[in-house]
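*Asks:* Attaching a predicted model along with its sequence, questions to come.
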Amino acid sequence: HNNNSINELINIYNIPKTKVLYHPFPIMDLKKMGYEYNKEKLYDFAFVGVVRKSKGINVLLEAWTKFISEYTQGKLLIAGILAGEHIDVAKYQSKNVSFNFKYLNDYEYCKSINSAKCVILPYLRGTNSGIPSSILSLGVDIIASDIPMFKNNPLIPEESLFKSESIDSLYALIKAKYLLHSRAVLGLRC
């Protein structure tokens, strides 16, 4: 699907480059699904997808805890089915985190993305993902870890990447995006 996938096939699975057929990962434009969305952004940030350790959910929640102690008006949505994780929801009640732990159908998936100003992808590992295309097609900002899958994605700007597994790096980028979006709402130059 991308250069990262090609490199994994060659370097990890010892497949000769001459045997690799390149087929680009499809760009997914969710606007074409024709759903009507509320234009109001209910959340500053969201995590959307299967909630599991490899997706960096613990890094996100730790960075959020640090962020919300300074910016108490921020709001975070975690939406998706839990997969082998236990999250103490009560621990985050006072931290402006909304949880929607369930399988998301197409409409709920799109609506969850569209309800936020920015979607966070704090993944620890991965090889391919269509979610950046989904997010950006809806005009929503993105934050992603700097794992090869995202670092090699031409749709994700370098300034939207944070150091994978670093709570402090994610916190700093959440803070920067929050301030950027706050200034945009006020009509100030960013």
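*Replies:* Everything's here; your move. Residues are numbered from 1 along each chain as shown.
*Asks:* List the contacts of Ile120.
*Replies:* For Ile120, the contact set (C-beta atoms under 8 Å, 6 or more residues apart in numbering) comprises Phe45, Ala46, Phe47, Leu60, Ile142, Ile143, Ala144, Leu170, Ile174. Any C-beta I mention is one placed from the backbone N, CA and C, and that applies to glycine too.
*Asks:* Just the ones in strands from those residues, please.
*Replies:* Residues of the contacts of Ile120 located in strands (DSSP state E): Phe45, Ala46, Phe47, Ile142, Ile143, Ala144.
*Asks:* So the residue with the largest distance to the centre of the chain: helix, strand or coil?
*Replies:* Largest separation from the mean C-alpha position in the chain: Thr18, at 34.0 Å (C-alpha atoms, centre = their mean). At Thr18 the chain is in helix, as set by DSSP: H, G, I helix; E, B strand; the rest coil.
*Asks:* Alpha carbons of the helix-or-strand element of the chain with minimal mean pLDDT, as PDB, please.
*Replies:* Lowest on mean pLDDT, DSSP states H and E among the helices and strands of the chain sits helix 3-11, with a mean of 77. Provided in PDB are the C-alpha atoms of helix 3-11 (Å, rounded to 0.1, in the frame of the first residue of the first chain):
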ATOM      1  CA  ASN A   3       6.700   2.500   1.100                       C
ATOM      2  CA  ASN A   4       6.500   1.300   4.600                       C
ATOM      3  CA  SER A   5       4.600  -1.900   3.500                       C
ATOM      4  CA  ILE A   6       7.200  -2.400   0.700                       C
ATOM      5  CA  ASN A   7      10.100  -2.100   3.200                       C
ATOM      6  CA  GLU A   8       8.500  -4.500   5.600                       C
ATOM      7  CA  LEU A   9       8.000  -7.100   2.900                       C
ATOM      8  CA  ILE A  10      11.600  -6.800   1.800                       C
ATOM      9  CA  ASN A  11      13.400  -6.400   5.200                       C
END
